[in-house]
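> What would the 3D arrangement of this be:
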Amino acid sequence: MFVGALIFTTLIAISRTETQVEAEFGSLNDNEVKVGLKEFKIRRFLAVVCGLATAGAMITGDVFNFTLLVALIGILNIGIVSAVKQIDVLNAAFQYGLIAMIASLPLFGGAAIILASTGTLSILEIAQLSFTTPMMFFASLLLILGIAGETGIAPFYATKAEMFRTPGSPFIIIIHLSSLLVIVRAIEILLIINKPF
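Sure, this is the predicted structure:
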């Protein structure tokens, strides 16, 4: 996943955006929506940083660093669409931003409870523990809630869906990719913390 995130980030760094074609209602005309050079530079920079943060979240061995990178990914996802001059997209980004900021409380709270329960935030050291306490289960629930809010998955996906109407692939695709990879990595970490086997 780390290598995949780096490869996709490299592709974003060297790619150009597409021109979005919108059909006009009630006629056969098309409306082309292009990304300006200034907006292109800002969005490409934020997409590259989002890709690097995603790659970092895939390889980190520390729960706090993982939660910090997930929060950074949420902020960067807002930034990628914040340069767009479309009211609907900006409203969706604002609503997603509110959810992402609120989700940071259970995200970091879960990491703090894991530290209090185990005495460490190292995933390798937590994997060597032979016990799972009820507080670790509670911390896992908080982490799941925080990650769901930051990445915009169910039940919070409704606030993020309108953001994808903006032109500018592949910058929008990094939002999908970062969410997908973070969820897969979060499942791995939660399985290590809770030791179901």
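> quick one: the helices in the protein?
Residue ranges of the helices in the chain, as given by DSSP state H, are 2-14, 37-59, 63-82, 87-118, 123-128, 134-151, 158-161, 171-194.
> and the angle for the fourth one with helix 63-82?
Meaning helix 87-118. Interaxial angle, helix 87-118 versus helix 63-82 (axes from the mean of the first three to the mean of the last three CA atoms, to 10 degrees): 180 degrees.
> Tell me the helices and strands packed up against helix 87-118.
Counting contacts by 3 or more CB pairs under 8 Å, 6 or more residues apart in numbering; DSSP states H and E, helix 87-118 packs against helix 63-82, helix 123-128, helix 134-151, helix 158-161. Every residue, glycine included, has its C-beta placed from N, CA and C.
> Export these as a markdown table, with columns for distance to Ala53.
Output for the helices and strands packed on helix 87-118, formatted as a markdown table (distance: least, CB to CB, whole Å):
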| stretch | distance to Ala53 |
| --- | --- |
| helix 63-82 | 5 |
| helix 123-128 | 18 |
| helix 134-151 | 11 |
| helix 158-161 | 17 |
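> quick one, which of those is packed in tightest?
Ranked by mean neighbour count, those are led by helix 63-82 with a mean of 22 (mean count of other CB atoms under 10 Å).
> so which of the helices of the chain comes closest to Ser27?
helix 87-118 (20.9 Å; CB to CB).
> Could I get the buried residue list for the closest one?
Buried residues in helix 87-118, defined by neighbour count with 16 or more other CB atoms under 10 Å: 89-90, 92-93, 95-97, 99-100, 103-104, 106-114, 117-118.
> Between the helices and strands packed on helix 87-118, which one is closest to Asn194.
Evaluated with CB to CB, those place helix 134-151 nearest to Asn194, the distance being 5.7 Å.
> just to revisit the earlier point, may I see the helices of the chain organised as JSON lines, with mean pLDDT added?
Putting those into JSON lines (pLDDT from 0 to 100) gives the following:
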{"stretch": "helix 2-14", "mean pLDDT": "90"}
{"stretch": "helix 37-59", "mean pLDDT": "91"}
{"stretch": "helix 63-82", "mean pLDDT": "92"}
{"stretch": "helix 87-118", "mean pLDDT": "91"}
{"stretch": "helix 123-128", "mean pLDDT": "92"}
{"stretch": "helix 134-151", "mean pLDDT": "93"}
{"stretch": "helix 158-161", "mean pLDDT": "72"}
{"stretch": "helix 171-194", "mean pLDDT": "90"}
